[in-house]
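[1] Need a 3D model of the following:
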Amino acid sequence: MARNTAATDRAEILRRFDATHLRAAGAQVLAGVDEAGRGALAGPVVVGVVALDAEALFEGLDDSKQLSEARREALFPQICERARGVAIGWATAEEVDRINVLEATLLAARRALDVLPVRPQLVLTDYLKIRGLDVPVEPLVKGDARSQAIAAASVVAKVTRDRWMRRYDTEYPEYGFAGHKGYGAQGHLDALEREGSSTLHRHSFRGVDWFDREYRISRSLGRLFDALPTGGLDETESRERWLSVGYALPEYEERLFQEALHPEQTSDDPHMGTH
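    Just a heads-up that it's a prediction; the model follows:
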């Protein structure tokens, strides 16, 4: 296979940028931080953190928005295997609604940094001003196009979130999440107008709640609801069945699940329910 010289040169430019910052800081390891899903109408915000040293080089790496899905998927295992450390942080759609999308992104970033297996001496971000860290943080304008560590973090965040949204497409097939990943594509907007919003949507975002409807639930929770009135499932069995599918309940659905099991506990949210 012919070597893509332009892509290799681009990756080397990103690596040198980080190496320069490491030398200036007198550091050995820096971490790049970037997010995916901040502007989506549904699903979580996902933050990737990748720790690298000055010698790391990932050929073909660039800002994830400049890469094809196939290229991102090819780079993802390389980054996970060869980086000094990789971590992922999440903030749910309900957390976005509760504290706003910027604060949810910062929360996801701190969660990722908390579980990063190596301690960096410098953190570079794609202009995300993370507060309260005990290491220097440098927010960079267009950082994912300048720093190899941030570009790697952008790939980790994007691939992780895209896989998650494709998986949840089977739970909410009305919306086409596998294609648009929860962003405001016309097909998604049309589905919102036709179906109303779901428990996976961000209800504080403009265009999500078109009508005053109950939030559409996932198929798995619907199957659990169908089983509960017959007495066929107790709480432990229901949760085990859900977890065996490999999913975590959105926060709205966790409350719905508990209310179905304990109907004496009522919700204050008028939207909670099924279509």
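[2] contacts, neighbours, all on C-alpha from now
    Noted.
[3] what are the ranges of the strands in the chain?
    30-36, 45-52, 85-91, 122-125, 137-139 (DSSP state E).
[4] so can I have CSV of these showing mean pLDDT and distance to residue 185?
    Below are those laid out as CSV (pLDDT from 0 to 100; distance: least, Cα to Cα, whole Å):
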stretch, mean pLDDT, distance to residue 185
strand 30-36, 98, 16
strand 45-52, 97, 18
strand 85-91, 95, 22
strand 122-125, 98, 27
strand 137-139, 97, 29
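[5] Deepest-packed of those strands, please.
    When you average the neighbours per residue for each of these (mean count of other Cα atoms under 10 Å), strand 45-52 leads with a mean of 31.
[6] what lines up beside it in the sheet?
    For strand 45-52, the pairing partners within the sheet under DSSP bridges are strand 30-36 (antiparallel), strand 85-91 (antiparallel).
[7] right, and these - which one's nearest residue 129?
    When the strands paired with strand 45-52 are compared by Cα to Cα, strand 30-36 sits nearest residue 129, at 10.5 Å.
[8] Can you tell me how far the residue lying closest to residue 35 once chain neighbours are set aside is from residue 88?
    Once flanking residues are discounted, residue 35 sits nearest to residue 47: 4.2 Å by Cα to Cα, 6 or more residues apart in numbering. Plainly put, residue 47 is 6 Å away from residue 88 if you go by Cα to Cα, to the nearest Å.
[9] now do residue 101
    Counting by Cα to Cα, the gap from residue 101 to residue 88 is 17 Å.
[10] Equivalent analysis for residue 59, please.
    From residue 59 over to residue 88 (counting by Cα to Cα), the distance is 22 Å.
[11] do residue 64 as well
    Taking Cα to Cα, one finds residue 64 at 16 Å from residue 88.
[12] Quick one: closest of the strands of the chain to residue 191.
    strand 45-52 (21.4 Å).
[13] Could you save the strands paired with strand 45-52 as TSV and add columns showing distance to residue 154?
    Below are the strands paired with strand 45-52 laid out as TSV (distance: least, Cα to Cα, whole Å):
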stretch	distance to residue 154
strand 30-36	5
strand 85-91	11
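[14] Residue 54: which of the ones you listed is closest?
    Of the strands paired with strand 45-52, nearest to residue 54 by Cα to Cα is strand 30-36, at 8.6 Å.
[15] is it true that residue 8 touches residue 59?
    Yes: the criterion here is Cα atoms under 8 Å, and residue 8 meets it with residue 59 at 5.1 Å.
[16] For residue 136, which non-adjacent residue is spatially closest?
    Closest to residue 136 by Cα to Cα, 6+ apart is residue 122, at 5.3 Å.
[17] Next up, the contacts around that neighbour.
    22, 25, 27, 29, 30, 31, 135, 136, 137, 138 (Cα atoms under 8 Å, 6 or more residues apart in numbering).
[18] Swap in 10 Å and give it another go.
    Residues in contact with residue 122 (Cα atoms under 10 Å, 6 or more residues apart in numbering) are 21-22, 25-32, 51, 134-138.
[19] separation between the residue nearest to the spatial centre of the chain and residue 22?
    Nearest to the mean C-alpha position of the chain, counting by Cα atoms, centre = their mean, stands residue 46 at 2.3 Å. For residue 46, the distance to residue 22 equals 26 Å [Cα to Cα].
[20] repeat for residue 105
    Taking Cα to Cα, one finds residue 105 at 25 Å from residue 22.
[21] cool, residue 54 as well?
    7 Å.
[22] Please identify every residue contacting each of these two.
    16, 28, 29, 30.
[23] List buried residues within those residues.
    By neighbour count, with 16 or more other Cα atoms under 10 Å, the shared contacts of residue 54 and residue 22 hold 16, 29, 30 as buried.
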